[in-house]
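>>> build me a model:
(2 chains)
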Amino acid sequence: MPLRPARAGRVGVIRAPVAKTAVVARAVTPGRAPVAKTAVVAAAVTPRVGRRRI
Amino acid sequence: MTSVSLDELGPVDYVVVEFPAGASNFTGEMAAELRALVDSGTIRVIDVLILTKDADGTVEATELSDVGELGELETIEAELADLLAADDVDNLAAAMEPGSTAGVLIWENLWAAPFASAARRAGGQLIADGRIPIQAIIASIEADDETATAGD
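Numbering: from 1, shown residues only, chains lettered A, B, ... in the order given. Sure, this is the predicted structure:
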């Protein structure tokens, strides 16, 4: 089906072809290794208590 | 789009969510979650398009209103601003695999607008923004772990 006429001739807001990002869903899909990765991410974004950057 | 002062506009983001051929499983959960974000005032949906990419790479765009029964999305569709131009379709579809379908969602982060407005009033200027991929966080933590293990 055609797009609404208002979209034709307008200047686009997505300025360049979009690159595909890595598929996050696969990285955190339940399973032995991915579950471990989910835990790692959770730990990384947990409020620091005694953690230091350097 | 409704008349919104630029000073009160929150950051606008987009995602392209691809559904590989034969992998889609629409239960209405996505629509319900999106509706909840809108109803809570967290986001305002600005535009939605459905893209399909044929095996030969031909891209077709469909308006949300042409999808059929919208259910939870009906009120959201009525408020869309049609921000995307026809020229945007090919750029967005560049990320898609042939034979796939994708939903394009553009939204305003209403939750961020008051803070951004306050930052501007304080003289601040946005000079960078972005998103940190989950994979980058995983890589960083795993590198830390390896360094710690090597030090044992």
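>>> so where is chain B shaky, pLDDT-wise?
Low-confidence segments of chain B (pLDDT under 70): B:1-6, B:151-152.
>>> helices along that one, start to end?
Ranges of helices in chain B, per DSSP state H, are B:29-39, B:74-78, B:88-93, B:113-121, B:134-150.
>>> buried deepest among these, which one?
Comparing those on average neighbours per residue, with mean count of other Cβ atoms under 10 Å in any protein chain shown, the densest one is helix B:88-93 at a mean of 20. For every residue, glycine as well, the C-beta is placed using N, CA and C.
>>> need the contact partners of it.
Contacting residues not belonging to helix B:88-93 are listed as A:3, A:12-18, B:16, B:49, B:51, B:53, B:59, B:61, B:84, B:102, B:104 [Cβ atoms under 8 Å, 6 or more residues apart in numbering or on different chains].
>>> got the residues of chain B near chain A?
By the rule Cβ under 8 Å from any Cβ of the partner chain, the part of chain B lying against chain A is B:14, B:16, B:49, B:61-63, B:66, B:82-92, B:94-97, B:133-135, B:137-138, B:140-142.
>>> I figured B:Glu63 hits B:Leu49, correct?
Yes - if you go by Cβ atoms under 8 Å, B:Glu63 and B:Leu49 touch, sitting 6.9 Å apart.
>>> more neighbours: the two, which one.
Remark: of B:Glu63 and B:Leu49, B:Leu49 carries more neighbours, 23 against 18, as counted by other Cβ atoms under 10 Å in any protein chain shown.
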